[in-house]
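**Q** Predicted structure and sequence below. I'll ask about it afterward.
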Amino acid sequence: MASEFSDRDVALHWNQNAETWAANVRAGWDIYRDHYNNPAFLEFVGDLSAMEVLDAGCGEGYNTRIFARRGARMTGVDLSPKMLELARVEERREALGIRYELASYCSMPMLADESFGAAVSTMALMDGPDFPGAMGEIRRVLKRGSDLIFSILHPCFSTKGFAWVRTESGEDRLTVGHYFDDTARVDRWRFNAAPNAAENPDFAIPRFDQTLSFYVNNLIESGFVLRAIHEPRVTEAAVIAHPAFAKWRAHVPLFIYFRATKS
Ligand SMILES: C[S@@+](CC[C@H](N)C(=O)[O-])C[C@H]1O[C@@H](n2cnc3c(N)ncnc32)[C@H](O)[C@@H]1O
């Protein structure tokens, strides 16, 4: 379905989010990233050391820097000029050898065919209107036999009908709905763990809800062989550190990870 949001609209939204986003993430207020998503995703990704790696939708580079510190030779691509500028300032402050390029992950003409040994993407491929276009372009820049490893919001649970409902016995239960509704929308939320959360404006994030089969079938139709899917569960340690995670641990994964090889 054609989206009512273009890449340009997405970039404008992320430009507005950029400063508050980067400040909060760097201050450690993105607890879902630090205590749940990143530990699980880094384990899923495994060793990328000494490989040329593309980070598709790198944002202000928080995770790109993590991969670089673990030994990967990183190229980060993002379509928000402000996110990318924040990433570049950080690279000038502490050089990790990261190359940043302003582009959509659906069109990266500055990157040569078959020039990467792996591609990663963290929480960015559900934020663009053209997932099949992204798959085709990422496949182009990957060497044959190389992996694309990415995380997205779990499409079965992060739906338009998503809500936590408290039962009479005091238990939080998740409701989902409108799973098949692929109308683009703007999701609004903030990092609630931040001490000044109430003073921050909500992020406005264009979302392009798709079904699980849409992601899997487009990967396969784009010439990837699906190797693994992982649905990370919140750990007991994370629940002890942040009791708000308990309901997630009890019920569902917030994220899903894919590993696919260019055939
Ligand atoms: C939730 S942020 C994640 C950023 C980063 N990967 C991280 O984990 O911190 C999503 C990012 O995807 C970028 N994005 C959305 N659509 C894109 C596209 N078509 N091409 C490149 N970047 C895109 C946004 O600009 C934003 O920086």
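**A** That came in fine, so what should we check first? Residues are numbered from 1 along each chain as shown.

**Q** Up against the ligand, what does this protein have?
**A** By CB under 6 Å from any ligand atom, the part of the chain that sits against the ligand consists of 7, 10, 14, 57-59, 62-63, 77-80, 83, 104-106, 122-124, 127-128. (Glycine included, C-beta is placed from N, CA and C.)

**Q** For the lengthiest strand in the chain, what is the distance to the chain centroid?
**A** In the chain, taking DSSP state E as the definition, the longest strand is strand 142-153. Counting by CA atoms, centre = their mean, to the nearest Å, strand 142-153 is centred 13 Å from the centre of its parent chain.

**Q** Stretch 28-43 too?
**A** On CA atoms, centre = their mean, the centre of stretch 28-43 falls 11 Å from that of its chain.

**Q** and the helix or strand harbouring Ala134, what does it pack onto?
**A** Element membership for Ala134, per DSSP states H and E: helix 131-141. Here helix 131-141 touches strand 52-56, strand 116-122, helix 212-221, going by 3 or more CB pairs under 8 Å, 6 or more residues apart in numbering; DSSP states H and E.

**Q** ok and the longest helix anywhere in the chain relative to helix 131-141, angle-wise?
**A** Counting residues, the longest helix in the chain under DSSP state H turns out to be helix 7-27. Helix 7-27 runs at 70 degrees relative to helix 131-141, counting by axes from the mean of the first three to the mean of the last three CA atoms, to 10 degrees.

**Q** contacts for helix 7-27?
**A** 30, 33, 59-60, 62, 78-83, 86, 104, 106, 127-130, 186, 191, 194, 200-201, 203-206 (CB atoms under 8 Å, 6 or more residues apart in numbering).

**Q** In the stretch 1-150 of the chain, what residue comes closest to the ligand?
**A** The minimum distance from the stretch 1-150 of the chain to the ligand, using CB to the nearest ligand atom, falls at Gly59 (2.6 Å).

**Q** on that earlier part again, what about the helix holding Ala134, average pLDDT?
**A** The average pLDDT for helix 131-141 rounds to 98.

**Q** which residues in the protein form helices?
**A** Using DSSP H, helices in the chain cover 7-27, 31-32, 38-45, 62-69, 81-93, 131-141, 212-221, 236-241, 246-251.

**Q** so which of those helices gets nearest Phe258?
**A** helix 212-221 (6.7 Å; CB to CB).

**Q** Can you give me the buried ones in the closest one?
**A** Tyr215, Asn218, Leu219 (16 or more other CB atoms under 10 Å).

**Q** wait, the first one sits on Phe131?
**A** Yes - distance between Tyr215 and Phe131: 7.0 Å, which falls inside the contact criterion (CB atoms under 8 Å).

**Q** follow-up on the earlier one: can you tell which of the helices of the chain is closest to His230?
**A** helix 38-45 (5.1 Å).

**Q** tilt between that closest one and strand 52-56?
**A** Using the same axes, to 10 degrees, helix 38-45 lies at 130 degrees relative to strand 52-56.

**Q** All set, thanks.
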